[in-house]
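> Got a sequence here, can you build the structure:
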Amino acid sequence: MANDNKINPAHNINHENGNLAARSYRVFGMFIDGVFVNCLCFVIPFMIPNITTEQIFKSWKYWCIFVLYGIFMEYRFQATLGKFICKTRVRGVNGEIPTLQQVVIRNVSRLIPFDAISIAFGTDKIFHDLLANTKVIKIRN
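Next up is the predicted model:
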């Protein structure tokens, strides 16, 4: 299925508060994604020979898994597991489905330490959203 940058009307986007999801939804979604990626890191050694859980957690491999998980899920579904549970989706600043470039910038920029500070003390726009020209919206049930 092509990512044609058109919003499917079946998504029922909530137009309240400028479409932006509340920070509490975003933080909870990030927590769920962190738990999921950690669980994934415990499963990977069973699927790939010659790699241990310790090697994953004590190296760059963990961050690669986290970034690739985010890129795949947000480009394919505009949501990670945490966003699905919280009923939020990633969109471009004008409401369009994000491009692959936006999704890559968004997820790679999460590795910048300033991103965590913007989540804790920032405004409605988090650092990785500013860099990628994206936003996270709340969808209706």
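
> can you list contacts of stretch 56-64?
37, 41, 44-45, 51, 55, 65, 111 (C-beta atoms under 8 Å, 6 or more residues apart in numbering). Placement of C-beta: from N, CA and C, glycine included.

> Mind checking what helix or strand follows the one helix or strand Y62 maps to in sequence?
Following DSSP states H and E, the helix or strand that holds Y62 is helix 60-77. Next along the chain after helix 60-77, taking DSSP H and E as the criterion, comes helix 81-86.

> Just list what the helix or strand just after that following helix packs against, helices and strands only.
Going down the chain from helix 81-86, the next helix or strand is strand 88-92, by DSSP H and E. Packing partners of strand 88-92 (3 or more C-beta pairs under 8 Å, 6 or more residues apart in numbering; DSSP states H and E): helix 23-47, helix 100-108, strand 134-138.

> Contact partners for the residue in the chain sticking out farthest from the centre?
No residue in the chain sits farther from the centre than N50, which is 29.3 Å out by C-alpha atoms, centre = their mean. By C-beta under 8 Å, 6+ apart, no residues touch N50.

> what separates the most centrally placed residue in the chain from R140, distance-wise?
Most central in the chain under C-alpha atoms, centre = their mean is G70, positioned 4.9 Å from the mean C-alpha point. For G70, the distance to R140 (C-beta to C-beta, to the nearest Å) stands at 24 Å.

> okay, stretch 48-55 in CSV with CA atoms only?
Output of stretch 48-55 as CSV, limited to C-alpha atoms (Å, rounded to 0.1, in the frame of the first residue of the first chain):
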residue,chain,number,x,y,z
ILE,A,48,19.5,-14.3,16.0
PRO,A,49,22.4,-16.6,16.8
ASN,A,50,25.5,-15.2,18.4
ILE,A,51,23.9,-12.2,20.0
THR,A,52,23.0,-11.8,23.7
THR,A,53,20.6,-9.6,25.5
GLU,A,54,23.6,-8.0,27.3
GLN,A,55,25.2,-7.1,23.9
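
> For it, buried residues please.
Counting neighbours by 16 or more other C-beta atoms under 10 Å, one finds that stretch 48-55 has no buried residues.
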